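>>> Below are the sequence and a predicted model; questions follow.
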Amino acid sequence: MNAAGTGLTVEAASHSYGSVPVLRDVSLSVPLGTIHSLLGPSGSGKTTLLRLIAGLETLTAGRILISGQELAAPGRHVPPERRPMGFVFQDYALFPHLSVRENVLFGMPKMKTAPRRERLDHLLRSVGMLEFAHAMPHTLSGGQQQRVALARALAREPVVMLLDEPFSGLDARLRSEIRQLTLKVLRSERVATLLVTHDPQEALLASDVISVISNGCIEQTGTPHELYFCPKTLHVAEVFGQANRFEGTVKSGRIATPWGPVEAPACDEGQRMTVLFRPESLLLNPQPSNGSTPGRVRSTCLRGETCDIEVTLPSGETVVAAAPSYAGWSPDMTAHVSVVRQSAILLPT
Ligand code: ADP
């Protein structure tokens with residue numbers, strides 16, 4: 001990819017507040033027209049990285065580039081207003097005394113009246129707010145205000161968009177609707193988007209690429225599919241949901257589990273490994289089937305579409321299966337547990 005297509009690049013950025021290091025050797029690259037999520041718990045350094053990219057903190061180690069142009073490096077600091085980027089935060093921060101159209105026009109660079117008007121209409125239309133152009137912010141719902149905030153952030157024609165937990169103040173149904181709209185608009189405007197979130201479901205739904213960050217370090221970067229199905233550490237695996245865990249030793253290229261051996265072709269003979277099965281990989285049946293293990297249902301927990309069923313196996317281990325909610329499992333029933341063996345996740349212990 002050429003430099004102009006790279007959007008945002010962060011190379012080996014580190015940062016300390018005083019003598020306390022909060023970011024260590026962080027690298028990521030966000031191509032134009034894609035969404036990259038930064039997923040981590042509170043205190044992991046997400047906001048600090050956004051502030052460094054925005055130019056609100058001074059970088060002391062590493063480099064930050066947009067479209068191949070260096071904006072931050074030791075001894076170099078392009079001020080925030082000269083960086084081609086937009087921001088959307090959880091609190092929409094619209095100017096309360098300006099109408100919707102005035103809020104969006106505020107961010108727009110100087111240009112002739114006709115193209116300015118055209119761009120304004122285009123932005124308001126793309127976020128579905130054209131008919132509210134003359135409304136004042138306090139008359140709008142939270143979701144509408146968030147859409148105006150997006151249009152205003154796009155008015156500068158940014159190369160990079162920084163989204164800091166922008167949907168977390170919205171209720172569940174609205175959150176999903178606004179998220180879909182926001183990401184669609186950002187993709188169609190060919191913006192390189194960095195989305196900060198602590199919600200793994202949101203990261204899986206929204207992203208082309210996810211970086212899991214903990215204690216100021218990026219633990220793994222990959223597509224949602226890679227992170228969910230091929231995590232490199234137990235921590236990354238557990239970030240995306242619970243997993244049933246078994247430990248074993250590689251013998252003849254296989255590891256034993258309660259359901260028979262799973263293939264471990266890339267592992268060394270004698271290596272200790274952890275085998276994970278996600279709850280949806282465990283199948284429950286009232287009747288025994290080939291390779292199933294009998295167990296007793298200990299508890300059930302309705303999640304909505306699925307129900308978490310805890311089952312105690314003859315070995316005394318308790319596993320969790322995600323069964324369809326209509327299946328009607330209840331405590332003390334006998335459940336025969338089988339697994340989708342090829343869904344096993346293997347990690348060095
Ligand atoms: P996150 O956004 O993931 O919650 P932050 O980047 O806000 O994480 O914080 C990372 C760490 O840096 C935390 O331990 C936090 O207390 C500390 N920190 C954040 N801002 C400052 C600051 N201005 N001065 C000193 N420490 C800070």
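Ah, there it is.
>>> Pull the residues that contact the helix ranked longest in the chain.
In the chain, ranked by residue count with DSSP state H as the criterion, the top helix is helix 172-188. Among residues not part of helix 172-188, those counted as contacts by Cβ atoms under 8 Å, 6 or more residues apart in numbering are 33-35, 88, 126-128, 142-143, 146-147, 150, 154, 161, 163, 166-168, 170, 193, 202, 205-206. Just so you know, the C-beta spots here come from the backbone N, C-alpha and C atoms, and that holds for glycine as well.
>>> what comes up buried for it?
Using 16 or more other Cβ atoms under 10 Å as the test for burial, helix 172-188 gives 174-175, 178-179, 181-183, 185-186.
>>> and the least confident of those?
Least confident by pLDDT among the buried residues of helix 172-188: that is residue 174, with 86.
>>> Would you quantify the distance from that one to residue 198?
According to Cβ to Cβ, to the nearest Å, residue 174 and residue 198 sit 19 Å apart.
>>> list the contacts for the closest residue to residue 86 other than its chain neighbours?
Leaving aside its chain neighbours, residue 86 sits nearest to residue 153 (3.3 Å; criterion: Cβ to Cβ, 6 or more residues apart in numbering). Shown in contact with residue 153 (Cβ under 8 Å, 6+ apart): 86-88, 107, 161.
>>> Go again with 10 Å.
Neighbouring residues of residue 153 by Cβ atoms under 10 Å, 6 or more residues apart in numbering: 85-89, 104, 107, 123, 161-163, 166, 182, 186, 191.
>>> among those residues, which are in helices?
Short answer: those in helices (DSSP H) are 104, 123, 182, 186.
>>> Mark which of the contacts of helix 172-188 are part of strands, please.
35, 88, 161, 163, 193 (DSSP state E).
>>> Would you check those and say which has the weakest pLDDT?
Scoring the ones in strands among the contacts of helix 172-188 by pLDDT puts residue 88 last, at 88.
>>> partners of it in the sheet?
Assessed by DSSP bridges, residue 88 has beta-bridge partners residue 163.
>>> ok, now residue 283?
residue 338.
>>> which bits of the protein sit near the ligand?
Residues of the chain lying close to the ligand by Cβ under 6 Å from any ligand atom are 17, 22, 40, 42-48.
>>> Return the member of the buried residues of helix 172-188 nearest to residue 304.
residue 175 (15.7 Å; Cβ to Cβ).
>>> before we move on, back to that, show me the two of the residues of the chain next to the ligand that sit farthest apart.
It's 17 and 40 that sit farthest apart of the residues of the chain next to the ligand, by Cβ to Cβ, at 17.0 Å.
>>> So between these two, which is more surrounded?
Taking other Cβ atoms under 10 Å, residue 17 and residue 40 do not tie; residue 40 has more neighbours (24 against 10).
>>> so who does that one touch?
46, 49, 196-198, 203, 211-219, 239.
>>> quick one: buried residues of stretch 276-284?
Quick answer for stretch 276-284 (16+ other Cβ under 10 Å): 276-279, 281-284.
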